[in-house]
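> sequence plus predicted model, see below.
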Amino acid sequence: MGSDSYMYEVGELGQSRLALLHQLYAPYSCAFIKTHIQFKNINRIVDIGCGAGYMSFWLARQMAGMGTVTGVDISSEQVTTSREGSVVRGLQNIHYLQEDAHTIAKTSAQYDFTYTRFMMEHLREPLAFLKQIKASKPAQDKGKKYLIIDEAMHQSWDSSNHRDTLGVFRQSLLALGDKLGVDFNIGLNLYHLLHDAGFKNIKVNCAQPVLSGANNTQMILAVLEESRGKFISHQIVSNEQLNALINQITQIPSHTLIFLASIVQYYCEY
């Protein structure tokens, strides 16, 4: 993943969106991990694409007194924000690396459990990333390693009462992914990628978050505002069209039910 394929703000500028994202998706992420991972059998965890560090913080709490968590992100701003967050929270069993996903993948077998959330949708070569994780484990190592991936399926953004408006947002987002050379529906396609990369015992779960109330469009607006430059520079929409879309979204009533990007979760072993 490079800065040219990442569409959002980083560091302090991206904090509010990432905090909201964590609030919406953490219940699904944490529950899925607890279902499949026995922390008492884990010593080292790596969180690839840790962003603002919210899942790294949670993983570090689960590992308190038992092991360590390493949060990895390509952005120095994200690493700084995450490190500051762990200090504020008094977490001493968490460390950070500024590194790209493909590089850390090549050493991921030194960890017992590799986790990543909403990172692979920004990779131009997701299969290569998975193969690097799989190949990082030496043939003579007979121990079991675990991989959990939470990814989005952005085609599920919708609303029964404002389908046209949400349709424009959804199609614009998917078109931007195509321009960036990444897959914003990778949650749908990951099963076959994991199989092709040679992972075993693949298990899948899918959840559909919904929002209503005063903040029902907050995530959509955050995505549009943070990605304004990418939408315009890649000629997905003009600045005027983007402003018109944002205006239409702000007028959606608070009682409207908004279907967010669904989260598709994968557990596997290698």
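That came through fine.
> if we ignore the residues flanking it in sequence, what's nearest residue 218?
Spatial nearest neighbour of residue 218, excluding adjacent residues (Cβ to Cβ, 6 or more residues apart in numbering): residue 20 at 6.1 Å. Just so you know, the C-beta spots here come from the backbone N, C-alpha and C atoms, and that holds for glycine as well.
> and for that neighbour, the neighbour number?
By other Cβ atoms under 10 Å, the residues close to residue 20 number 14.
> just confirm it is within a helix.
Yes. Inclusion of residue 20 in a helix is indicated when DSSP: H, G, I helix; E, B strand; the rest coil is applied.
> and it, how far is that from residue 137?
36 Å (Cβ to Cβ, to the nearest Å).
> before we move on, the earlier item: which pLDDT value belongs to the residue nearest to residue 218?
pLDDT, residue 20: 92.
> could you do residue 3 as well?
Reported pLDDT for residue 3: 47.
> so residue 229 sits in a strand?
No. Residue 229: not assigned to a strand; according to three-state DSSP it is helix.
> number of residues surrounding it?
Residue 229: 10 surrounding residues under other Cβ under 10 Å.
> got it, and the one 3 residues further on?
Number of residues near residue 232 (other Cβ under 10 Å) recorded here: 14.
> helices along the stretch 1-150 of the chain, start to end?
Counting by DSSP state H, counting those that start in this stretch, the stretch 1-150 of the chain has helices at residues 15-36, 54-62, 76-88, 101-105, 126-135.
> so which residue is dead centre in this protein?
The centroid of the chain falls nearest to residue 118 when counting by Cα atoms, centre = their mean (1.4 Å).
> from residue 112, how far off is the closest residue to residue 91 other than its chain neighbours?
Counting by Cβ to Cβ, 6+ apart, residue 60 is the residue found nearest to residue 91 once chain neighbours are left out, at 4.6 Å. Distance, residue 60 to residue 112, using Cβ to Cβ: 14 Å.
> and the contacts of stretch 51-67?
Residues from elsewhere that reach stretch 51-67 (Cβ atoms under 8 Å, 6 or more residues apart in numbering): 14-15, 18-19, 22, 26, 29-30, 33, 39-40, 42-45, 47, 50, 68-69, 71, 73, 78, 81-83, 85-86, 89, 91, 93-94, 112, 115, 117-118.
> same check, this time on stretch 182-190
The contact list for stretch 182-190 (Cβ under 8 Å, 6+ apart) reads 5, 120-124, 126, 149, 151-155, 173-174, 176-177, 193, 206, 262-264, 266.
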